[in-house]
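Chemist: Got a predicted structure here, sequence first:
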Amino acid sequence: AAEPAADGRYNLLQLEKLVEEKQHEFPDRADDWTSHLFFLREYAAADGRVPATFDWLIQDTFAELVP
């Protein structure tokens, strides 16, 4: 599972990998996950770190994939 970094941020690259690996297990969630990943790219750092202000959104949207 994607782990939040010590500074409380998730990594977009890890989330994308998890979605790719798990979308067949959750076909009804795949489109929603893909849409959220697309919009999160605008806020992610070059190394994939997503600001902590999005932690709640990631935890809610990707609940099946993240702690």
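Modeler: That came through fine. Numbering: from 1, shown residues only.

Chemist: check contacts around the residue nearest to the spatial centre of the chain.
Modeler: Centroid-nearest residue in the chain, with Cα atoms, centre = their mean: residue 15, separated by 3.8 Å. Contacts of residue 15 were listed using Cβ atoms under 8 Å, 6 or more residues apart in numbering, and they are 2, 37, 40, 50, 58, 62, 65, 66. To be clear about C-beta, it is placed using only N, CA and C from the backbone, and glycine gets the same treatment.

Chemist: pLDDT wise, what is it at?
Modeler: Per-residue confidence for residue 15 comes out at a pLDDT of 95.

Chemist: Secondary structure class of it, three-state.
Modeler: For residue 15, the secondary structure call by DSSP: H, G, I helix; E, B strand; the rest coil comes out as helix.

Chemist: Next one: it from residue 49, what distance?
Modeler: 11 Å (Cβ to Cβ, to the nearest Å).

Chemist: For this structure, give me the ranges with low pLDDT.
Modeler: 1-8 (pLDDT under 70).

Chemist: Show me the helices in it, by range?
Modeler: Secondary structure of the chain, counting by DSSP state H: helices at 12-22, 30-40, 55-61.

Chemist: The first one vs helix 30-40, what angle?
Modeler: Between the axis of helix 12-22 and that of helix 30-40 there is an angle of 170 degrees, by axes from the mean of the first three to the mean of the last three Cα atoms, to 10 degrees.
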